[in-house]
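Enquirer: Provided below for reference: sequence and predicted model.
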Amino acid sequence: AGIMVLAGASLFFYGAWRPVYLLLLIASIAINFALGLRMQDPLRRRAAGSFGVALNLVVLCYFKYTNFIFDSLNVLTGVPLPFVNIILPLGISFFTFQQIAYLVDVMRGARVERDIVSYTLFVSFFPHLIAGPLVHHAEMIPQFKRGRTGRSALLAARGLAIFAAGLFKKVVIADNLAQFVSPVFAHLDAGGGVTTPWAWLATLAYSLQIYFDFSGYSDMAIGLALLFGIRLPVNFRSPYQATSIIEFWRRWHITLSRFLRDYLYIPLGGNRLGEQRRYTNLLVTMLLGGLWHGAGWNFLVWGGLHGIYLCINHLWRAWRADNKYAWAGLVEKGLAAKGLSWAITFFAVLVAWVFFRARTAEGAWQMLGGLFGFQAGSSAYASPGILRLMDLPILVGEQRLLLIGGGAVALALAIALCLPNVPQLFGYREYRRAPEKAGLLRWRPNAAWALLTALALAISLFGMWQRLEFLYFQF
């Protein structure tokens, strides 16, 4: 009865946004569940599974990529195809990929789920439904089926504290960084110029904004799920501490990386078919990973850049492993070399974020020109119209705005680089995994941490002066 109530509440939560799309979600769940049952017959398994995967992709492509395809065809052929007014259903990329993974696993021999309530809750569980993490049926359905969930006062306290930390990251850090991002990129996309200080401020601010925004939502989802005794997978492990692009993708959007590896990269052949095929598979995987985020050439460029980065990283590792160059491995172990590796990795990620955030190619190139000092144009804040887009008073002055923004970015970067991430801080244990390694700073169920949790919640709630929106809702 408990999971039935939770499934009903999750569907109600989704339908409260736009009731007509609740029908889409229910239809998606029903069709994929029915296809799973049909796949119990070995003779029908591959046909039913392939049909289900294709159907899911067609629905996703219609809602997410129709206008992108039409716009691209307009440019390539000159045929004036119409713009279709399609509202993207919240979380469609997440619940589509989760069900594709289920169908593929059943095709590979995984157990078919026969309980419609457990399956519905796996797809629609409200903490992860809108913006992830991208959960796997094998780690969720067993938790729903164990009868009494592992709820306890200690678990609830830990969940509430993690939720408060996530909300604080979103409202206090990410949203305050946003005011140094949106006006600058909007100005560039409209054809304006940017000076080097503003280019660096906006790019650094965005890289931290998207991290604290998305990881904040993931932490809130983990915290909410813990209140019901459910453990969601960790999605971030301090990605900006990475000293290589390979390591970055083991720390950033971990559940998407897992999906791309298991259901795209490895089926394409992974690294089993030679070096050339391996690098081709990496590029294809990252291009499609970029396209998953949104229907636009900017996302393809972002994915392509990360694909190239990964290829270079693997080539470097292969070169370093050669006995003739064994000294390179020794050099990398030094503190200075690690610092250089971190700087190269972080800068590469920054450059890619420019394309991810810009809405036009011109805006992206203008921003890159500003970063490298090639722009001689006026500041992005030279006109009062642009200044009014900021939440800070115009009378503060441009130089002071730069100082305020630089201070905010420096503080946020210090938090991302120096403090333990939320799983480490709260000793969070994923489903069937050991708890995170304890650090010097560690959550305890005591009065001091209860006060900090209440303070974080109060500051965040008072800071929610506008409707709470997360960047990854659009994906």
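Expert: Yes, it's here.

Enquirer: Tell me the helix or strand right after the helix or strand of the chain with the lowest mean pLDDT.
Expert: None of the helices or strands of the chain scores lower by mean pLDDT, DSSP states H and E than helix 384-387, at a mean of 46. Using DSSP states H and E, the helix or strand that follows helix 384-387 towards the C-terminus is helix 398-418.

Enquirer: ok now stretch 56-75, how far from the chain's centre?
Expert: Chain-centre distance of stretch 56-75: 22 Å, with Cα atoms, centre = their mean, to the nearest Å.

Enquirer: try stretch 411-422
Expert: With Cα atoms, centre = their mean, you get 18 Å for stretch 411-422.

Enquirer: List the buried residues in that stretch.
Expert: 412-413, 416, 420-422 (16 or more other Cβ atoms under 10 Å). Any C-beta I mention is one placed from the backbone N, CA and C, and that applies to glycine too.

Enquirer: contacting residues for residue 342?
Expert: Contacts for residue 342 (Cβ atoms under 8 Å, 6 or more residues apart in numbering) come out as 241-243.

Enquirer: Residue 403: neighbouring residues, count only.
Expert: Counted by other Cβ atoms under 10 Å, the residues lying close to residue 403 total 12.

Enquirer: Could you list every helix and strand in contact with the one helix or strand residue 212 maps to?
Expert: Secondary structure from DSSP H and E places residue 212 in helix 196-227. On a contact count with 3 or more Cβ pairs under 8 Å, 6 or more residues apart in numbering; DSSP states H and E, helix 196-227 meets helix 126-129, helix 153-168, helix 175-178, helix 182-189, helix 335-357, helix 361-371, helix 398-418, helix 422-425.

Enquirer: In JSON lines: the buried residues of stretch 411-422, plus pLDDT.
Expert: Converted to JSON lines, the buried residues of stretch 411-422 look like this (pLDDT from 0 to 100):
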{"residue": "412", "pLDDT": "98"}
{"residue": "413", "pLDDT": "98"}
{"residue": "416", "pLDDT": "97"}
{"residue": "420", "pLDDT": "92"}
{"residue": "421", "pLDDT": "91"}
{"residue": "422", "pLDDT": "88"}
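
Enquirer: low-scoring stretches of the stretch 1-150 of the chain, by residue?
Expert: Along the stretch 1-150 of the chain, segments meeting pLDDT under 70 span 1, 147-150.

Enquirer: how about the helices in it?
Expert: 2-15, 19-38, 42-77, 92-107, 116-124, 126-129, 137-145 (DSSP state H, counting those that start in this stretch).

Enquirer: Please work out which of these is packed deepest.
Expert: helix 126-129 (a mean of 24; mean count of other Cβ atoms under 10 Å).

Enquirer: Nearest the middle, which residue of the protein would you pick?
Expert: Most central in the chain under Cα atoms, centre = their mean is residue 253, positioned 4.8 Å from the mean C-alpha point.

Enquirer: That residue against residue 215, yeah?
Expert: No: assessed by Cβ atoms under 8 Å, residue 253 is found out of contact with residue 215, at 9.2 Å.

Enquirer: hey, what's in contact with both of the two?
Expert: 235-236.

Enquirer: State the number of residues packed around the nearest residue to the residue nearest to the centre of the chain once chain neighbours are set aside.
Expert: Leaving aside its chain neighbours, residue 253 sits nearest to residue 235 (6.1 Å; criterion: Cβ to Cβ, 6 or more residues apart in numbering). Residues near residue 235, counting by other Cβ under 10 Å, number 25.

Enquirer: go on, residue 360?
Expert: Applying other Cβ under 10 Å, we find 16 residues neighbouring residue 360.

Enquirer: who's in contact with it?
Expert: Neighbours of residue 360 in contact, by Cβ under 8 Å, 6+ apart: 188-189.

Enquirer: rerun that using 7 Å as the cut-off
Expert: Applying Cβ atoms under 7 Å, 6 or more residues apart in numbering, we find residue 360 in contact with residue 189.

Enquirer: Next: residue 25.
Expert: Taking Cβ under 7 Å, 6+ apart, we find residue 25 in contact with 14, 95, 124.

Enquirer: Isn't the first one up against residue 124?
Expert: Yes: because the distance of 6.4 Å satisfies Cβ atoms under 7 Å, residue 14 is recorded as touching residue 124.

Enquirer: export the helices of the stretch 1-150 of the chain to JSON lines and tack on distance to residue 164?
Expert: Shown next, in JSON lines, are the helices of the stretch 1-150 of the chain (distance: least, Cβ to Cβ, whole Å):
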{"stretch": "helix 2-15", "distance to residue 164": "20"}
{"stretch": "helix 19-38", "distance to residue 164": "29"}
{"stretch": "helix 42-77", "distance to residue 164": "33"}
{"stretch": "helix 92-107", "distance to residue 164": "24"}
{"stretch": "helix 116-124", "distance to residue 164": "25"}
{"stretch": "helix 126-129", "distance to residue 164": "15"}
{"stretch": "helix 137-145", "distance to residue 164": "23"}
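
Enquirer: wait, which of the ones you listed is closest to residue 249?
Expert: Nearest to residue 249 among the helices of the stretch 1-150 of the chain is helix 92-107; the distance by Cβ to Cβ comes to 16.8 Å.

Enquirer: So which elements touch that closest one?
Expert: If you count contacts as 3 or more Cβ pairs under 7 Å, 6 or more residues apart in numbering; DSSP states H and E, helix 92-107 packs onto helix 19-38, helix 42-77, helix 116-124.

Enquirer: Quick check: residue 241 touching residue 419?
Expert: No: using Cβ under 7 Å as the test, residue 241 is too far from residue 419 to be in contact (10.3 Å).

Enquirer: where do the contact lists of those two overlap?
Expert: Common contact partners of residue 241 and residue 419 (Cβ under 7 Å, 6+ apart): none.

Enquirer: Which one of the helices and strands packed on helix 92-107 lies nearest to residue 223?
Expert: Closest among the helices and strands packed on helix 92-107, using Cβ to Cβ: helix 116-124, at 18.2 Å.

Enquirer: and the closest one, what does it pack onto?
Expert: Partner elements for helix 116-124 (3+ Cβ pairs under 7 Å, 6+ apart): helix 2-15, helix 19-38, helix 92-107, helix 137-145.

Enquirer: Compare those helices and report which one is nearest to residue 402.
Expert: Comparison of those against residue 402 by Cβ to Cβ identifies helix 92-107 as nearest, at 36.5 Å.

Enquirer: coming back round to it: save the contacts of residue 25 as TSV, and put in distance to residue 196 too.
Expert: As requested, the contacts of residue 25 are exported to TSV (distance: Cβ to Cβ, whole Å):
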residue	distance to residue 196
14	45
95	43
124	47
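
Enquirer: and which of the residues you listed is nearest residue 313?
Expert: residue 95 (32.0 Å).
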